[in-house]
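Enquirer: Please find the sequence and the predicted model below.
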Amino acid sequence: MTKRRIYLDHAATTPVLPEVAEAMQPYLSGTFGNPSSLHWFGQEARRAVDAARDTIARILGADSSEIYFTSGGTESDNQALLGVTTALAEKGNHIITSTIEHQAVLQTAKILELRGLDVTYINVNPDGLIDPKDIEKAIAEKTILISVMHANNEIGVIQPLAEIARIATDRDVPLHTDAVQTVGHIPVNVDHLGVDLLSLSAHKFYGPKGIGVLYIRRGTRIVPLIQGGSQERQRRAGTENVPAIVGMAKALEIAQETMEKRGKEETELRDYFITTLKSQIPNAHLNGHPVKRLPNNINISFPNAEGELLLLKLDMEGIAVSSGSACSSGAIDPSHVLKALGLPPELTQSSLRLTLGRSTTKAHLDQTLQALTKILPH
Ligand code: PLP
């Protein structure tokens, strides 16, 4: 008998919902036109792209003219950092970000450093939170961009972005946020957050992979990363991925409608898992703030265990999770996020991330708890 597989890795990616696939279907072959074409085929595709843009803008509290389609979170982050710093090069050469950003931001920041820019990396407290005062202190005359993620992909900690935005606005510095883990999961409104640029990615909220958005507030100066045709008001060249754009808008609509209910259910399941785990395995250590975290995120370290080994053992039990540490050429490479929390090696090397989703049940979590007690070293 084949065992049922349990998927607890929704922060990595989510399945496309059947309603989303259905919405995309007509644009794969029937309505296949190029939105730039002036004939009927093209104009029908154009209407679908425009409607998707309107839906996404409405949900984010933005204007449709501020929504730019990209190939996903990575491109949006690259575009934000490279585009704004290039546009504002005459104004300054300093940016501020955090030590716990996704590699899409950190690697881009490294490129900027190679180009001679100064980058300040703000560290987090042991709960994974940034102190907005640290950002305030880091702002200098030559600061041209602040980039702070909305919620972290490993530990799920939600940053005090609105407070950071007030400081950025006061000092007239554009603020970008990587909201890839929050859009579709917790309320995200560009005005409430006070951001100038925001990255999102559809495959994190039950939409297709390879499609995302960069929100760019009107008036923000930015240079395009991808050169070519005049699509996306000359800010992102390349023929639009029409089916994926339509699917992303549908997925976001559904995510918005179901957000409150899903959030409550996932929070309950998350807290049930954490409480039960701690009663069964008292030395298990929860990473990140216990409450200021995404409803679906559990990140736990098990002293004396090895994260990647636990992941592989759980996989053999039919349970898919993720680990903070990767074993590269025999050495354990701990996550930069867990290191930033100031955790000792026995905790940075022994972490598992479990991220819940629409299909997660209490029975899945009970089975996972049982499997963990079985495979953990005694
Ligand atoms: N930023 C964060 C916080 C993420 O979690 C991810 C995906 O894992 C990305 C950016 C990259 O997004 P994409 O997979 O759409 O390129």
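Expert: Great, that's in hand.

Enquirer: The host helix or strand of Tyr121 pairs with which strands?
Expert: Using DSSP states H and E, the element containing Tyr121 is strand 118-122. Paired with strand 118-122 in the same sheet, following DSSP bridges, are strand 94-98 (parallel).

Enquirer: Is there contact, residue-wise, from the strand it pairs with to the ligand?
Expert: No. Residues of strand 94-98 contacting the ligand under Cβ under 6 Å from any ligand atom: none, with a closest distance of 11.6 Å. (Each C-beta comes from the backbone N, C-alpha and C, glycine too.)

Enquirer: Can you give the contact residues for the strand holding Tyr121?
Expert: Contacts made with strand 118-122 from outside it, assessed by Cβ atoms under 8 Å, 6 or more residues apart in numbering, are listed as 93-99, 109, 112-113, 130, 134-135, 138, 142, 148.

Enquirer: Please give the per-domain residue ranges for the protein, including any split domains.
Expert: 6-14+258-375, 18-254 (automatic domain parsing).

Enquirer: Mean neighbour count, those domains: which tops it?
Expert: Highest mean neighbour count among the domains of the chain (mean count of other Cβ atoms under 10 Å): domain 18-254, with a mean of 20.

Enquirer: and the stretch 101-250 of the chain, which residues reach the ligand?
Expert: For the stretch 101-250 of the chain, the residues in contact with the ligand (Cβ under 6 Å from any ligand atom) are 102, 104, 149, 153, 178, 180-181, 201, 212.

Enquirer: and those residues as a markdown table, adding secondary structure?
Expert: Written out in a markdown table, the entries for those read as follows (DSSP: H, G, I helix; E, B strand; the rest coil):
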| residue | secondary structure |
| --- | --- |
| His102 | coil |
| Ala104 | helix |
| Met149 | coil |
| Asn153 | coil |
| Asp178 | strand |
| Val180 | coil |
| Gln181 | coil |
| Ser201 | strand |
| Gly212 | strand |
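
Enquirer: Considering those residues, which is situated nearest to Pro160?
Expert: Within these, the smallest distance to Pro160 is 12.0 Å, found for Met149 (Cβ to Cβ).

Enquirer: in the stretch 1-150 of the chain, which spans are helices?
Expert: 18-24, 40-60, 73-87, 103-114, 132-138 (DSSP state H, counting those that start in this stretch).

Enquirer: Could you dump these into CSV and include mean pLDDT and distance to Ala340?
Expert: Converted to CSV, those look like this (pLDDT from 0 to 100; distance: least, Cβ to Cβ, whole Å):
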stretch, mean pLDDT, distance to Ala340
helix 18-24, 98, 35
helix 40-60, 98, 29
helix 73-87, 98, 18
helix 103-114, 98, 11
helix 132-138, 98, 13
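
Enquirer: For Glu306, find the nearest of those helices.
Expert: Evaluated with Cβ to Cβ, the helices of the stretch 1-150 of the chain place helix 103-114 nearest to Glu306, the distance being 22.4 Å.

Enquirer: my read: Ile254 touches Ala202, true?
Expert: No. Proximity of Ile254 to Ala202 does not meet the contact threshold set by Cβ atoms under 8 Å, at 11.6 Å.

Enquirer: Overlap of the contact sets of these two?
Expert: With contacts defined as Cβ under 8 Å, 6+ apart, no residue is shared by Ile254 and Ala202.

Enquirer: picking up where we left off before, closest to Thr239 among the residues of the stretch 101-250 of the chain next to the ligand?
Expert: Nearest to Thr239 out of these is Gly212 (Cβ to Cβ; 16.2 Å).

Enquirer: Next, the contact list for that closest one, please.
Expert: With contacts defined as Cβ under 8 Å, 6+ apart, Gly212 is in contact with 69-73, 75-76, 180, 199-202, 248.
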